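Visitor: Sequence first, predicted coordinates after that:
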Amino acid sequence: MFNKVKVGIMGTGDIAVMMVRTLSQMRGVTCYAVASRTEEKAKEFAQNHKIKVAYGSYEDLCRDPKIDFIYVATPHSAHFENVKLALNNGKHVLCEKAFMLNEKQAKEVFKLAEEKNLLLSEAMWTRFLPLGFKLKEILASNVIGDVNMVTADLSFNISWKDRIQNPELGGGALLDIGIYGLTFASMILGDDVIDITSVCNKNEKGMDLQDVINLKYRSGQMAVVTCSTLACGPCCGMIFGTKGHIQVDMINNFESITVFDNTGAKTGFYKKEKQITGYEYEVMSVMNALKEGWLECPEIPHAQSLRIMNMMDFIRKLLDIRFPGEEPEAVTENTEAEAAANAATEAAEETDTKVADETSGEAATETESIEKDRSEE
């Protein structure tokens, strides 16, 4: 354990189990401590997973001077307070997705991290995957020509889970699984979105159970993101180009990439690298950032997390989804996405007016089980 980076885990749900499993098989890092809201639960978890120290409160975990960084594995409704607690106790933080409930919270914790000179990163694992970087290389080779359309789905029959059902837990499909499709589209097409439309089905508590999200980019490219907690879907991403298309299986932990030409013939196939769980890449990035003295992980800088949070805020505003205790302005303020959409609408209206005037004159693998069974504390 000497000279190893010591990690403290906040939370004892299934996702914490995955991180413990990951850390146990990595070099140079160890799961040193775990905390739950009760000492009994923390001790049971520590005993089951051979963790040295167990704390019955998150405060005690954050005060442990031996811990190098804290992994926040609690429900995303608790991330805001949990991350602030860790930062205020001088701890670097890797926080699970969805990073926060809204962009306002995200801005506040990033500002606090910068003031404290501490690293804070969102654990959106797909941004760290080696196969994701390979996908970018394939696209850069122009093998499928110019990309015009992206579709992405991640759907599991998990609507009965508390984290989906309950507003108090930041429920709904969007923040839980829809974020993966938005991230996939972002990785391929970037973030210069000028228009967003969306529809959903809700439960009796007002939480979205399935969503269809349409994105239009300034470049003219488009993306369609679907997610459902009512049914299982293909969980794949499709990238359509002028010379062919690419299929990416399992967009939350890329299983494989298959390249096709315009005749439908397979021209390339790339399989997922051997993994522990897939979480190891985000941990390695944090370790490297700490070594270099960085306050952000280059794979997902603060600005990137904010852009996705901003987009989800706007989508929730469209769908009239709000969480308890959330200040109205957190979701109803004129976000970047809304401003872009308004600008696009105004431009379209001006064009329509001009045309009208002229006329008058003359658009389970293992990873699957991780997401389906993922019940954060």
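Guide: That came through, no problem.

Visitor: how distant is stretch 65-81 from the center of its chain?
Guide: 16 Å (Cα atoms, centre = their mean, to the nearest Å).

Visitor: Would you mind listing the buried residues in that stretch?
Guide: The neighbour-count check on stretch 65-81 (16 or more other Cβ atoms under 10 Å) flags 67-80 as buried. Placement of C-beta: from N, CA and C, glycine included.

Visitor: cool, and stretch 22-35?
Guide: Residues of stretch 22-35 classed as buried by neighbour count (16+ other Cβ under 10 Å): T22, L23, M26, V29, T30, C31, Y32, A33, V34, A35.

Visitor: Can you tell me which of those residues is nearest F260?
Guide: The nearest member of those to F260, counting by Cβ to Cβ, is T22 at 33.5 Å.

Visitor: which residues sit in contact with that closest one?
Guide: Residues counted as contacts of T22 (Cβ atoms under 8 Å, 6 or more residues apart in numbering) are I276, T277, Y279, E280, V283.

Visitor: Just these: which are in helices?
Guide: E280, V283 (DSSP state H).

Visitor: Give me the helix or strand of the chain that scores worst on average pLDDT.
Guide: helix 336-361 (a mean of 39; mean pLDDT, DSSP states H and E).

Visitor: Give me the residue ranges of the stretch 1-150 of the chain where confidence is low.
Guide: Low-confidence segments of the stretch 1-150 of the chain, defined by pLDDT under 70, span residues 1-2.

Visitor: At which residues are the strands of it located?
Guide: 5-10, 29-35, 53-55, 69-72, 92-96, 120-123, 147-155 (DSSP state E, counting those that start in this stretch).

Visitor: coming back round to it: only the buried subset of the contacts of T22, as a ChimeraX command please.
Guide: Selection of buried members from the contacts of T22 for ChimeraX, criterion 16+ other Cβ under 10 Å:
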select :277,279,280,283
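
Visitor: want to throw the contacts of T22 into TSV with pLDDT?
Guide: Shown next, in TSV, are the contacts of T22 (pLDDT from 0 to 100):
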residue	pLDDT
I276	97
T277	97
Y279	98
E280	98
V283	98
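
Visitor: Adding distance to L318, write the contacts of T22 out as JSON lines.
Guide: Output for these, formatted as JSON lines (distance: Cβ to Cβ, whole Å):
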{"residue": "I276", "distance to L318": "39"}
{"residue": "T277", "distance to L318": "34"}
{"residue": "Y279", "distance to L318": "32"}
{"residue": "E280", "distance to L318": "37"}
{"residue": "V283", "distance to L318": "35"}
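
Visitor: Might you report the residue contacts of Q221?
Guide: V147, N148, M149, V150, L189.

Visitor: Now do the same for it: its pLDDT.
Guide: pLDDT for Q221: 98.

Visitor: Highest mean neighbour count out of the strands of the stretch 1-150 of the chain?
Guide: With neighbours defined as mean count of other Cβ atoms under 10 Å, those peak in mean count at strand 120-123, which reaches a mean of 27.

Visitor: Give me the sheet partners of it and which way each runs.
Guide: Looking at strand 120-123 with DSSP bridges, its partner strands are strand 92-96 (parallel).

Visitor: got the contact list for the partner strand?
Guide: By Cβ under 8 Å, 6+ apart, the residues outside strand 92-96 that reach it are 15, 68-74, 76, 79, 82-83, 86-87, 113, 118-123, 282-283, 286, 290, 376.

Visitor: Go again with 7 Å.
Guide: The contact list for strand 92-96 (Cβ atoms under 7 Å, 6 or more residues apart in numbering) reads 15, 68-73, 76, 79, 83, 86-87, 118-123, 282, 286, 290.

Visitor: cool, stretch 183-203 as well?
Guide: Residues outside stretch 183-203 that contact it (Cβ under 7 Å, 6+ apart): 124, 126-127, 132, 147, 150, 152, 165, 208-219, 221, 223, 225, 237, 239, 251, 307-308, 311, 314-315, 318-319, 337, 340-341, 343-344.

Visitor: tell me the mean pLDDT over it?
Guide: On average, stretch 183-203 scores 98.

Visitor: could I have it exported to PDB, CA atoms only?
Guide: What follows is stretch 183-203, C-alpha atoms only, in PDB (Å, rounded to 0.1, in the frame of the first residue of the first chain):
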ATOM      1  CA  THR A 183     -22.500  12.200 -25.000                       C
ATOM      2  CA  PHE A 184     -22.100   9.900 -28.000                       C
ATOM      3  CA  ALA A 185     -23.500  12.500 -30.300                       C
ATOM      4  CA  SER A 186     -21.200  15.100 -28.700                       C
ATOM      5  CA  MET A 187     -18.100  12.900 -29.200                       C
ATOM      6  CA  ILE A 188     -18.900  12.600 -32.900                       C
ATOM      7  CA  LEU A 189     -20.500  15.900 -33.900                       C
ATOM      8  CA  GLY A 190     -19.300  18.300 -31.200                       C
ATOM      9  CA  ASP A 191     -21.500  20.700 -29.300                       C
ATOM     10  CA  ASP A 192     -22.500  23.500 -31.700                       C
ATOM     11  CA  VAL A 193     -26.200  22.700 -31.400                       C
ATOM     12  CA  ILE A 194     -28.600  25.300 -32.700                       C
ATOM     13  CA  ASP A 195     -31.900  23.500 -32.200                       C
ATOM     14  CA  ILE A 196     -33.300  20.900 -29.900                       C
ATOM     15  CA  THR A 197     -36.700  19.200 -29.900                       C
ATOM     16  CA  SER A 198     -37.900  16.400 -27.600                       C
ATOM     17  CA  VAL A 199     -40.800  14.400 -26.500                       C
ATOM     18  CA  CYS A 200     -41.200  11.900 -23.600                       C
ATOM     19  CA  ASN A 201     -43.500   9.700 -21.600                       C
ATOM     20  CA  LYS A 202     -43.800  10.400 -17.900                       C
ATOM     21  CA  ASN A 203     -44.800   8.500 -14.800                       C
END
